[in-house]
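Student: my questions concern the predicted model and sequence given below.
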Amino acid sequence: MVKKKRWGKEHEDKRDWKEYDVKLVSRGEFYIDPKFLGTWLVELESMNAGKVGQPYMYPDSMIEFLGILKSKGFDYRSLEGIMHALSKRTSNFPVISYSQIRRRIRHMPLSFHAKSGHLVTGTDGSGMKVSNRGEWIRQKWAVRRGWVKVVILGDTQGNIVDIRVGNEELDENKASRGMLRNNAENIDKNLADGLHDSEDNFNLYDELGIEAGIKIRENATGEGLGPRPRAVREYQEKGYRRWANDKSYGFRWTATEGIFSAVKRIFGEQLTSHKKRNLYHEAKLKFWAYQIVRDAC
């Protein structure tokens with residue numbers, strides 16, 4: 001076990017490193033395991049039941065397989081090449097074109113769902129870099145730096161519960177409140193940094209029955225009534241260390257920054273799309289792919 005310091009004290013890292021290594025190896029298997037070949041016909045039959053117009057030729061599971069590889073950095077023509085190679089070495093199935101791959105991936109419904117009730121969650125935001133940023137992007141989008149902002153709601157087990165994506169002006173507080181409203185029935189407590197220390201946030205948490213683990217700003221005043229003044233007085237009476245221990249505030253890293261770190265490490269933080277909506281979808285696709293891989297491995 002590795003010992004780490006936290007709030008001036010040593011704590012043991014109880015992670016099972018052997019089990020963690022196995023999971024990392026399993027990810028490699030997952031990336032190149034074409035499970036869709038075994039369910040192709042059954043899935044298409046279900047997808048085309050009652051469909052008007054041209055029937056689907058390629059199952060959603062195949063598009064999801066390609067979507068994960070796209071998140072790993074493969075371009076669309078390379079994905080078509082991968083399908084050609086698989087077709088030659090397996091059942092010689094019809095190969096989808098790169099333009100169809102692009103269209104299907106861009107229209108994939110990327111959803112995130114709470115694993116269960118009574119969650120302890122965290123909210124935070126981070127930026128994704130636009131690799132083709134330049135003056136033309138700033139003029140076309142009316143943005144200064146050309147990067148995409150992602151705000152996530154994650155749980156303390158490292159799962160993504162919900163996500164919002166926008167330009168650099170995306171309001172993290174509004175995004176967080178929207179996600180909490182949509183998932184309130186599954187959440188007992190939410191942890192957030194000092195950016196979220198506002199009357200609106202504390203009032204919403206109180207209304208939704210969610211315990212607030214929001215770090216209080218140093219210049220906050222506890223005068224008055226309501227959820228925030230009560231929280232300020234509690235914070236000031238206990239001091240940061242005791243308050244953080246009581247709120248389990250240290251788990252905020254697992255629920256937010258740990259997810260951002262993992263997604264950027266595994267799938268990268270560069271976005272290559274040109275249109276705004278495609279950039280947003282590409283950013284969201286990385287987080288969706290991370291959750292799919294995490295669930296599978």
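Tutor: The structure has been received and is ready for your questions.
Student: run through this protein and note the low-pLDDT ranges.
Tutor: 1-15, 20, 132-146 (pLDDT under 70).
Student: for it, what spans make up the strands?
Tutor: Under the criterion DSSP state E, the chain contains strands at 2-6, 9-13, 119-130, 147-155, 160-167, 187-192, 211-214, 270-271.
Student: let's have the ones you listed in JSON lines, adding mean neighbour count and distance to Ala255.
Tutor: To be clear about C-beta, it is placed using only N, CA and C from the backbone, and glycine gets the same treatment. JSON lines is the format used below for the strands of the chain (neighbours: other C-beta atoms under 10 Å; distance: least, C-beta to C-beta, whole Å):
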{"stretch": "strand 2-6", "mean neighbour count": "9", "distance to Ala255": "16"}
{"stretch": "strand 9-13", "mean neighbour count": "9", "distance to Ala255": "18"}
{"stretch": "strand 119-130", "mean neighbour count": "22", "distance to Ala255": "3"}
{"stretch": "strand 147-155", "mean neighbour count": "24", "distance to Ala255": "4"}
{"stretch": "strand 160-167", "mean neighbour count": "21", "distance to Ala255": "9"}
{"stretch": "strand 187-192", "mean neighbour count": "23", "distance to Ala255": "6"}
{"stretch": "strand 211-214", "mean neighbour count": "20", "distance to Ala255": "10"}
{"stretch": "strand 270-271", "mean neighbour count": "18", "distance to Ala255": "24"}
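Student: can I get these in JSON lines including distance to Met47?
Tutor: Below are these laid out as JSON lines (distance: least, C-beta to C-beta, whole Å):
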{"stretch": "strand 2-6", "distance to Met47": "48"}
{"stretch": "strand 9-13", "distance to Met47": "45"}
{"stretch": "strand 119-130", "distance to Met47": "31"}
{"stretch": "strand 147-155", "distance to Met47": "30"}
{"stretch": "strand 160-167", "distance to Met47": "26"}
{"stretch": "strand 187-192", "distance to Met47": "34"}
{"stretch": "strand 211-214", "distance to Met47": "43"}
{"stretch": "strand 270-271", "distance to Met47": "29"}
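Student: of these, which is nearest Phe287?
Tutor: Of all the strands of the chain, it is strand 160-167 that lies closest to Phe287, at 5.6 Å by C-beta to C-beta.
Student: could you export the closest one as CSV, CA atoms only?
Tutor: Provided in CSV are the C-alpha atoms of strand 160-167 (Å, rounded to 0.1, in the frame of the first residue of the first chain):
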residue,chain,number,x,y,z
ILE,A,160,-20.6,10.4,-14.8
VAL,A,161,-24.2,11.1,-13.9
ASP,A,162,-24.9,14.1,-16.2
ILE,A,163,-23.0,16.5,-18.4
ARG,A,164,-23.3,19.9,-20.1
VAL,A,165,-21.2,21.2,-23.0
GLY,A,166,-20.8,24.7,-24.3
ASN,A,167,-18.4,27.5,-25.3
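Student: pull up the pairing partners for it, direction included.
Tutor: strand 147-155 (antiparallel) (DSSP bridges).
Student: so what's the residue count around Ser87?
Tutor: 15 (other C-beta atoms under 10 Å).
Student: please apply the same query to the one 4 residues further on.
Tutor: Using other C-beta under 10 Å, Ser91 has 8 neighbouring residues.
Student: for the closest residue in space to it that isn't next to it in sequence, what are its contacts?
Tutor: Sequence neighbours aside, Leu37 is the residue nearest to Ser91 in space, at 6.5 Å (criterion: C-beta to C-beta, 6 or more residues apart in numbering). Residues counted as contacts of Leu37 (C-beta atoms under 8 Å, 6 or more residues apart in numbering) are 86, 90-91, 93.
Student: please apply the same query to Pro229.
Tutor: Counting by C-beta under 8 Å, 6+ apart, Pro229 touches 221-223.
Student: same question for Val151.
Tutor: The contact partners of Val151, taken as C-beta under 8 Å, 6+ apart, are 123-125, 163-165, 170, 172, 175-176, 179.
Student: perfect, that will be all.
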